[in-house]
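>>> got a sequence here, can you build the structure:
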Amino acid sequence: MKRSFSILIAEPSLLLREKIACVLARDDRVWCVTQVEGRSGLIRGVADIHPDFILADLSILNDIETVAFIRQSSNSSQIFALVDSCRDPYMKVANRLGLDGIIEKGRVAEGMKDTISKAATSPEDSDDDSD
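Residues are numbered from 1 along each chain as shown. Got it, this is the predicted structure:
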């Protein structure tokens, strides 16, 4: 059985959120794309849906307490910062926060396609029942 994934997008820009959600929803491995505007929406979304992947603007994730809450509430979620470019300062912040990576806002489709493909082939994520 093919594994499907849920994604939570936390981005201040409504236009960008909707564009990212539209692109990701086209992937047949994605069953749920939820959009929120800021940190409070991110916290509620994580608590409500426990998404497989969290894509959040770095300004929303840029505090250790938010990331710690996500890790405690939904420890299987992979957290990616949405950034304008993959420059070294962003990588340093992502590493300091303990994020799973960064994805350029203009390359979300490519970045998530690779990430989802890796997660779908991971042995611990297998949906096969072995009795």
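>>> and the residue lying closest to L58 once chain neighbours are set aside, backbone torsions?
Closest residue in space to L58, ignoring its immediate chain neighbours: A81 at 4.2 Å, by CB to CB, 6 or more residues apart in numbering. C-beta here means a position set from N, CA and C on the backbone, and glycine is covered the same way. Main-chain torsions, A81, degrees, to the nearest 10: phi -90, psi 130.
>>> does A81 touch D57 like I think?
Yes: assessed by CB atoms under 8 Å, A81 is found in contact with D57 at 7.4 Å.
>>> what number of residues lie near I54?
If you count neighbours by other CB atoms under 10 Å, I54 ends up with 28.
>>> repeat for A56
That count, for A56 with other CB under 10 Å as the rule, works out to 27.
>>> partners of it in the sheet?
A10, A81 (DSSP bridges).
>>> next one: it, what pLDDT does it get?
The per-residue pLDDT reported for A56 equals 94.
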